[in-house]
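Peer 1: got a sequence here, can you model it:
(chains A and B)
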2 protein chains.
Amino acid sequence: MASHWEEFFATHLPPSDFEDNRILLKEFCDRHNKCGQRIVLVTSGGTTVPLEHNTVRFVDNFSYGTRGAASAEYFLEHGYSVVFMHRLNSLEPFTRQFNGQKFMDMLELHDRGPNTTITVKPDSVDVLAPVLASYKAAQDAGKILYVNFTTVSDYFWLLRAACECLAACGPRALLYLAAAVSDFYVPSNQMPTHKIQSGAGAPNIQLQLVPKMLAPLVSLWVPHAYVVSFKLETDESILIRKARDSLNKYKHKLVIGNALQTRRTRVVFVTSDSSYEIVLSREQILNGMEIEDIIVSNIVLNHTEFMKTHKY
Amino acid sequence: MASHWEEFFATHLPPSDFEDNRILLKEFCDRHNKCGQRIVLVTSGGTTVPLEHNTVRFVDNFSYGTRGAASAEYFLEHGYSVVFMHRLNSLEPFTRQFNGQKFMDMLELHDRGPNTTITVKPDSVDVLAPVLASYKAAQDAGKILYVNFTTVSDYFWLLRAACECLAACGPRALLYLAAAVSDFYVPSNQMPTHKIQSGAGAPNIQLQLVPKMLAPLVSLWVPHAYVVSFKLETDESILIRKARDSLNKYKHKLVIGNALQTRRTRVVFVTSDSSYEIVLSREQILNGMEIEDIIVSNIVLNHTEFMKTHKY
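Peer 2: I've put the predicted structure just below:
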């Protein structure tokens, strides 16, 4: 049995940087709400489930955070303000295309003692300049806020705090819940303090179901917002049924289903009365188009429609 | 009971990029061996234990890879050639100090249409120039080879292949096994194909002990090399005993013990007949000194002594 969401918050402490993040979230949402801005909360990356209090080992969910990081860029292009709530060290908007070595390899050192300069090689400028320009534009306009989490408990605390700040935006708030959140965890009071010792033989890890936070989120925390959740499966045959189950249960607006193997080129939009696929064509793939571009355009249209009918 | 190491290789397939990496390792080791170079294999970062064949969930070991990435830099400074075998997306030498946003924030865009340039801001040049110079020097001289792994099985395959290439270097080979390797795993034949479903209740994960690869590594794969392993505990009181147990069992040269909470400022060197602490002083910490600087200097001295007495 899953524990109740209220019990989860009562028995798990907030992360140590929680108050700082809550202040940042509040300031960001208030500022953009005052201007009548649309705000999207993008969650991204996997969560961990620690197996020990002094954590050496944890269960993790697979996710680089590509979907969330790319989508955040497209939401900015559509004029949204973005709260980018991501797993620490998962991919981030703009920088996602360049790892550390790629950056280093783009740079040229002109060693002239105290007048040393470093420039980006001319052939890398073409690639980097548009990304850098978009990054700086978003930063300078204060249009994006980065907050991060690691454990599933951190994630839940931060999610609720973000919702409390977004609630004031009513139907202008969009929740795009792309993070890969663990279904299971080891409750705090059942966790050993120290690293599990191998001398005692192989351990048996008994996991519990996490509470379904989508329930209070939709009905209590942001009752006027447009909420989109994701469903990832490895078995495509059960995808639409599971997406529809989720919609019926939580009564939110849209579930985007995707299969692990094909998630970069195909997703299915499932609403309460329809389902339709978005598939990248061979030509679009060759042109370097990303499926998040189409996903976000579609959601923005749906959100615009939703705002017309849900005055606040 | 841990399975035998030969059984492990017989029942787990090599990673898909294994042959490519083996060729790179062979070429790198042969080239440096010909010049009588000392070569160090630095392993770094945690390993994962997949819980499903189509992996959505896995058990992970905590490690950013700071120790390995920093140590690789110091080994290069001491003239070693470095095989940097690291967990995909863990920290790497040189770039470890700059994440994506830090890089972006260092850059200045001079938008002049087709003559657009990008430069590093003058106040960031001071920090970046020496790191960039060392990175480029190592790259240009072909002194560092990067290979990466994700699962514990990938790690074992790559470790054995690296050892087979390093064996030819005899006592000039140094193994610096800083990766946080899982003690446990789910054998391939006990893993479900698809994502574990939460509808069926919370799963119970039965882990098995991994074979102790240090045994064949020391006695069979690189019998003439200088082998250093690491021991991480969260409970400091058992650290030296566990390090000594490991030395007695595997007969390698050195175990470096460290506790999770103090690992950045204190380690203990345990050999068959001694143990001594290396502790960063307050002053050293304030001056920005890294403990890996001292660890590596000490090991290089020990390795030099070892080479004198172990002619090959």
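
Peer 1: where in chain A is pLDDT low?
Peer 2: A:1-3, A:198-200, A:312 (pLDDT under 70).

Peer 1: may I have stretch A:197-208 exported as PDB, CA atoms only?
Peer 2: Provided in PDB are the C-alpha atoms of stretch A:197-208 (Å, rounded to 0.1, in the frame of the first residue of the first chain):
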ATOM      1  CA  GLN A 197      28.100  -4.300   4.700                       C
ATOM      2  CA  SER A 198      28.800  -7.000   2.200                       C
ATOM      3  CA  GLY A 199      30.200  -9.300   4.800                       C
ATOM      4  CA  ALA A 200      26.700 -10.000   6.100                       C
ATOM      5  CA  GLY A 201      25.700 -11.500   2.700                       C
ATOM      6  CA  ALA A 202      23.700  -9.900  -0.100                       C
ATOM      7  CA  PRO A 203      21.000  -7.600   1.200                       C
ATOM      8  CA  ASN A 204      17.300  -7.800   0.400                       C
ATOM      9  CA  ILE A 205      15.900  -4.400  -0.300                       C
ATOM     10  CA  GLN A 206      12.200  -4.000   0.600                       C
ATOM     11  CA  LEU A 207      10.700  -1.100  -1.200                       C
ATOM     12  CA  GLN A 208       7.400   0.700  -0.500                       C
END
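
Peer 1: any idea how far that stretch is from the middle of the chain?
Peer 2: A distance of 31 Å separates the centroid of the chain from that of stretch A:197-208, by C-alpha atoms, centre = their mean, to the nearest Å.

Peer 1: next, the buried residues of it.
Peer 2: Across stretch A:197-208, burial judged by 16 or more other C-beta atoms under 10 Å in any protein chain shown covers A:198, A:202, A:203, A:205, A:207, A:208. Using the backbone N, CA and C atoms, a C-beta is placed for each residue, glycine as well.

Peer 1: in those, find the pair that's most separated.
Peer 2: Taking every pair in the buried residues of stretch A:197-208 and measuring C-beta to C-beta, the maximum separation is 24.0 Å, between A:198 and A:208.

Peer 1: mind listing which of the buried residues of stretch A:197-208 are in strands?
Peer 2: A:205, A:208 (DSSP state E).

Peer 1: so which of the buried residues of stretch A:197-208 also contact chain B?
Peer 2: The subset of those within reach of chain B, by C-beta under 8 Å from any C-beta of the partner chain, is A:198, A:202, A:203, A:205, A:207, A:208.

Peer 1: quick check: residues of the stretch 151-300 of chain A near chain B?
Peer 2: A:180, A:182-184, A:193-195, A:198, A:201-209, A:232-235, A:260-261.

Peer 1: give me that answer again for 7 Å
Peer 2: A:183-184, A:194-195, A:198, A:202-209, A:232-235, A:260 (C-beta under 7 Å from any C-beta of the partner chain).

Peer 1: and the stretch 1-150 of chain A, by the same measure?
Peer 2: Counting by C-beta under 7 Å from any C-beta, the residues of the stretch 1-150 of chain A near chain B are A:54-62, A:92, A:94-95, A:98, A:100-101, A:103-104, A:107, A:109, A:116-120, A:125, A:128-129, A:132-133, A:135-136.

Peer 1: the same query, at a cut-off of 6 Å, please.
Peer 2: Applying C-beta under 6 Å from any C-beta of the partner chain, one finds that the stretch 1-150 of chain A approaches chain B through A:54-62, A:92, A:95, A:100-101, A:103-104, A:107, A:109, A:116, A:118-120, A:125, A:129, A:132-133, A:135.

Peer 1: now the buried members of the residues you listed.
Peer 2: Buried, going by 16+ other C-beta under 10 Å: A:54-62, A:92, A:95, A:100, A:103-104, A:107, A:109, A:116, A:118-120, A:125, A:129, A:132, A:135, out of the residues of the stretch 1-150 of chain A next to chain B.

Peer 1: still on that earlier bit, quick one: which of the residues of the stretch 1-150 of chain A next to chain B sit in helices?
Peer 2: Under the assignment DSSP state H, the residues of the stretch 1-150 of chain A next to chain B contribute A:100, A:101, A:103, A:104, A:125, A:129, A:132, A:133, A:135 to helices.

Peer 1: all strands for the stretch 201-312 of chain A, in order.
Peer 2: All strands of the stretch 201-312 of chain A, identified by DSSP state E, counting those that start in this stretch, fall at A:204-206, A:208-209, A:226-233, A:254-259, A:266-270, A:275-279.
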